[in-house]
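Student: 3D model of this:
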Amino acid sequence: MQEHPVLGQVIVGYSPMMDRQRSVVATRLTIFPEQPGAVPDAAALLAAIALVFPAPAESLSISLRPMEAGAGVTATVGTGTPVMLNVASEALLDAVIAAATAAPVLHMLLEVPAFLVDDPVRGLALRALHKAGHALAITGRPVTELPRELLPCFRHAIVDLHDDRRTGSPAPAGVARLITTVHSGVRTLADVEASIKRGAVGAIGWPVEGEFAASAKGAMAPGLRGVVDLMKLVDREEPAERMEPVLKFDPTLAFRLLRYINSAAFGLRVEVTSFKHALMLLGYSRLKRWLALLLAGASKDAALRPLMHAAVRRGFLMEELARGSGDDEMRSEMFICGVFSLLDRMLLQPFPELLKNVPVPERVQASLATDNGPYTPHLDLVRAVEQGSPVDIRSGAERLLIAPGEVTRATFAALAAARTLD
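Tutor: As a prediction, this is how the structure comes out:
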């Protein structure tokens, strides 16, 4: 990603799109020119995004079914692992439309604000983009009815959940909704539920806010005990012989751990077939970080899938933000800090109680349990990227003495790394 100068010309935020089963089916990139009024190289930007979200070898439709049963409509958000582009600049949006039509290098769903659709010249450009194979979504409700020739171009209408007054009533008999609704602005688990009840086929946002129910006993769930026990042994750098019994009593944990280690993220040239082999190849530090991922992804609650999705990306982004420090220990700690930053919500325990059972470095513990730990500024910057706030991203980058373009580079690298685990 360092070789793409265009990444220094844009500020990028990201958020997930969830389907009705709470699975993350797309990543929404919100893109701002780094310099207001500038128009970055759109073709180079699409090429850089394509490296993170490459076209699949075979097209695989992802279906999002509307709420009303029997409506006979199946909406899709794209192919493979789709990416949605929300370009927050009219000039850059037009440049992206032209570049994607002339030389399609990216399978994407492009969002177009409703107030820009009425322009006849842009209407022709959108039809050409659609003909080139790209999906489109209209953001907001159009003031007037869409031109008939543009209707087939749009797959979704993206509407802020809190501005949508629909009740989720089924379409009238014999009427199929050609453009389905996707809600944006989702911030809590209750928002996701409200979106589903109103008939949206998808919801965009991070449902990480709001209250959460603390565990009554504060006890670790049985299914997580093996991961925590293994983390403690790795933390003490015990020999593999002391760790293998834990895996023998939890074959599911052994399978998941080996699956992670043999994933593309490690880039190993040989298959790892045992925990002893893994320890020999990777060492304690790298094993500990992947045990952190296992713990963050251990919940079977479908409602928590977006949080697990966020935790993985937070870990990689925190690590990338520390890449220029030259401090490997700091990078490792920041990875764990990002992965564990939502663990209180996923395991339903406040951090002061939770961290009594889970071994983490002192700097990580201070950053998670208080608001003034050494990695708190990095976490604040990650949250700004998740919210797609250019003002907060610039402010957070300045606080850490890094350029906004470096944050964009780190974001792209983190998203690419996280996709190897999807």
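Student: quick one: residue 311 and residue 296 touch, right?
Tutor: Yes: assessed by Cβ atoms under 8 Å, residue 311 is found in contact with residue 296 at 4.3 Å. Yep, even glycine has a C-beta here, placed from its N, CA and C like the rest.
Student: spit out the residues that contact those two alike.
Tutor: 339, 340, 342, 343, 346 (Cβ atoms under 8 Å, 6 or more residues apart in numbering).
Student: which ChimeraX command selects the buried ones in these?
Tutor: This is the ChimeraX syntax for the buried subset of the shared contacts of residue 311 and residue 296, where burial follows 16 or more other Cβ atoms under 10 Å:
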select :339,340,342,343,346
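Student: pipe the shared contacts of residue 311 and residue 296 into CSV and attach distance to residue 229 and pLDDT per row.
Tutor: Shown next, in CSV, are the shared contacts of residue 311 and residue 296 (distance: Cβ to Cβ, whole Å; pLDDT from 0 to 100):
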residue, distance to residue 229, pLDDT
339, 18, 91
340, 17, 91
342, 22, 91
343, 16, 88
346, 19, 83
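Student: among the shared contacts of residue 311 and residue 296, name the ones in helices.
Tutor: Using DSSP state H, the subset of the shared contacts of residue 311 and residue 296 located in helices is 339, 340, 343, 346.
Student: of all those residues, which comes closest to residue 269?
Tutor: Distance to residue 269 across those (Cβ to Cβ) is lowest for residue 339, with 25.8 Å.
Student: not counting sequence-adjacent ones, nearest residue to the closest one?
Tutor: Using Cβ to Cβ, 6 or more residues apart in numbering and skipping residues adjacent in sequence, the residue nearest residue 339 is residue 315, 3.6 Å away.
Student: what of residue 364?
Tutor: In space, residue 364 is closest to residue 337, 4.5 Å off (Cβ to Cβ, 6+ apart).
Student: try residue 15
Tutor: Nearest residue to residue 15 in three dimensions, chain neighbours excluded: residue 28, at 5.0 Å (Cβ to Cβ, 6+ apart).
Student: state the distance from that neighbour to residue 207.
Tutor: Using Cβ to Cβ, to the nearest Å, residue 28 is found at 14 Å from residue 207.
Student: repeat for residue 243
Tutor: Residue 243 is 35 Å from residue 207, where distance means Cβ to Cβ.
Student: counting neighbours, go ahead and name the busier of those two.
Tutor: For residue 243 versus residue 207, the count of surrounding residues by other Cβ atoms under 10 Å is larger for residue 207: 25 against 20.
Student: run a quick neighbour tally on the residue nearest to residue 339.
Tutor: Neighbour count for residue 315, taken as other Cβ under 10 Å: 26.
Student: what packs against the helix or strand containing it?
Tutor: Taking DSSP states H and E as the definition, one finds residue 315 inside helix 305-321. For helix 305-321, the packing partners by 3 or more Cβ pairs under 8 Å, 6 or more residues apart in numbering; DSSP states H and E come out as strand 10-18, strand 24-33, helix 275-296, helix 328-340, helix 343-347, helix 376-387, helix 404-419.
Student: look up how far residue 197 lies from residue 363.
Tutor: Using Cβ to Cβ, we find residue 363 at a distance of 43 Å from residue 197.
Student: neighbour-wise, which of those two wins?
Tutor: Neighbour count, other Cβ under 10 Å: between residue 363 and residue 197, residue 363 has more, with 17 against 11.
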